[in-house]
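> below is the structure, and that's it, no one-letter string:
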């Protein structure tokens, strides 16, 4: 009788822990990455990572009022809109890079992770409108969200 109780307890514990591990794994899964590099002037330099659970981490590097690491939380509707916008832009069908002969523009690296696939687009200049809209949305998050400093 005691063996059955102990086995039941262990199975219950493993099941509960397994679900917790899966939940934590999902919360750490990246959905979007966005990096904005320097230009010859005072362009903001930062990176943001957006996770499937809506957590967003900002690392401000230069020319931004938030230098260091910060985090915020996207509402479900904000996250869904961002996903829908990336899908509507056919992100996985975009070119891998958009270059230019100009030398003074910031480079933007945008990465989308979906269903085990990832695509990164390097956007410097000659950016199609649908990609520019995504870049503008990601930039807007940096200015509009309530950020909490974590480092």
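Done, it's in. The shown structure was predicted, so the numbers you read here are calculated from the model rather than taken from an experiment. Numbers count the residues shown, from 1 in each chain.
> where do the strands sit along this protein?
30-36, 45-51, 55-62, 68-73, 97-98, 108-114, 117-123, 148-149 (DSSP state E).
> among those strands, which is nearest residue 134?
Closest approach to residue 134 among those (Cβ to Cβ): strand 108-114, 6.6 Å. For every residue, glycine as well, the C-beta is placed using N, CA and C.
> how about the residue most central in space within the chain, what does it touch?
By Cα atoms, centre = their mean, the mean C-alpha position of the chain lies nearest to residue 50, the distance being 2.5 Å. Applying Cβ atoms under 8 Å, 6 or more residues apart in numbering to residue 50 gives the contacts 30, 31, 32, 33, 34, 56, 74, 79, 82.
> name the nearest residue to the first one, ignoring sequence neighbours.
Looking back up the chat, that one is residue 30. Sequence neighbours aside, residue 113 is the residue nearest to residue 30 in space, at 5.2 Å (criterion: Cβ to Cβ, 6 or more residues apart in numbering).
> contacts only, for the one you found.
29, 30, 31, 32, 33.
> who wins on neighbours among these?
Among the contacts of residue 113, the one with the most neighbours (other Cβ atoms under 10 Å) is residue 32, at 23 neighbours.
> which non-adjacent residue is nearest that residue?
residue 50 (4.2 Å).
> so what's the one you found bridging to?
residue 32, residue 56 (DSSP bridges).
> residue 149 now?
If you apply DSSP bridges, the partners that residue 149 bridges to are residue 70.
> ok so, going back, between the contacts of residue 50, which is nearest residue 141?
residue 56 (6.7 Å).
> just give the number of residues close to that closest one.
25.
> give the contact list for the closest residue to residue 130 other than its chain neighbours.
Computed as Cβ to Cβ, 6+ apart, the closest residue to residue 130 that is not its neighbour in sequence is residue 89, at 4.1 Å. When contacts are counted by Cβ under 8 Å, 6+ apart, residue 89 is found next to 130, 131, 133, 134.
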